[in-house]
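Enquirer: Structure for this input, please:
(one chain, ligands or ions: 1)
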Amino acid sequence: MQTLSLLQIAPTVAEFFRVYLNSQASPVEQILAFAYSRKPVPKVMVLVVIDSLDYRFYTDFADDLRDIHELVRLDGLLFECETVSRHTTPAIGSILTGLKPEVHGILTNDDVGKSKIKSILEILDEEGQKTAVAIETKGAEPLWGRISYVFAVDDREDIFEYDELIKTHTISVLKKQDLRLAFSHLRAIDRFAHRGRDLSVAAKVTDENIMAIANAVGERKGLLLICGDHEAHLMDRKGSHGSVTVPLIVCCP
Ligand SMILES: [Zn+2]
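Expert: Below you'll find the model as predicted:
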């Protein structure tokens, strides 16, 4: 399997929608060929980041993530992507800009909204191709008025309730016929990892949420991209060496 970088996602999206993005990373030709080979060619794309879904987690919890694995098996692409950070905010900044964290400068929550660099969401929306986010309130606030559809979900103790809201907003915005790209972020696995709770439970719930989103993407004959953001911070997995990869799944559900 070809190893990519998370930096290649934004350039691939930009190339697909034919907008200019300033990134050194190259678009993934296989993904573009996959998308363009569909009939009709998808008009809408949904990118879901599953927090802390690294490649090892994806394979170790394959039973709990079986519907996601099935999306790949039926008609999908699976890649391993090198990560760019051990933390969520800089990683998502890189996924959405195609730039390394030291270049986009969004390292903590306080930096969100201060970066002069535009995300692929803002670039597309400025070009009249409407975009949406369903993310945590602090990340969403800077995007108010800058992209067409912003769904802010307050952080909370009940992370399943949080993910449920993210899922519901993602599905509802897919009803907008002018939508071209939606981005959302599911967090249950990351929360359970940090709290030392049963990861199998979080993986199963995440699998269900992805399938609900996949069904909605399927109804729109859209393209679904699913990826992780960084390595899982697991208590019993200290001392992992070498480069960590996360899965990137591309499918037309
Ligand atoms: Zn994260």
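
Enquirer: Would you mind naming what in the protein lies close to the ion?
Expert: Neighbours of the ion within the chain, by C-beta under 5 Å from the ion: 51, 88, 190, 229. For the C-beta atoms, the positions are set from N, CA and C on the backbone; glycine is no exception.

Enquirer: same thing but at 8 Å, please
Expert: Applying C-beta under 8 Å from the ion, we find that the chain lies next to the ion at 49, 51-52, 87-88, 91-92, 187, 190, 229-230.

Enquirer: quick one, what contacts the closest residue to residue 208 other than its chain neighbours?
Expert: Spatial nearest neighbour of residue 208, chain neighbours left out: residue 67 (7.5 Å); criterion: C-beta to C-beta, 6 or more residues apart in numbering. Residue 67 is in contact with 207-208, 210-211, 214, counting by C-beta atoms under 8 Å, 6 or more residues apart in numbering.

Enquirer: Show me where the stretch 1-150 of the chain dips below the pLDDT cut-off.
Expert: For the stretch 1-150 of the chain, the stretches flagged by pLDDT under 70 are 1.

Enquirer: ok, now the stretch 151-253 of the chain?
Expert: Applying pLDDT under 70 to the stretch 151-253 of the chain flags the ranges 236, 238-242.

Enquirer: All the helices of it, in order from the start?
Expert: Along the stretch 151-253 of the chain, the segments classed as helices by DSSP state H, counting those that start in this stretch run 159-173, 188-195, 199-219.

Enquirer: For those helices, give me CSV that also has mean neighbour count.
Expert: Shown next, in CSV, are the helices of the stretch 151-253 of the chain (neighbours: other C-beta atoms under 10 Å):
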stretch, mean neighbour count
helix 159-173, 19
helix 188-195, 20
helix 199-219, 19
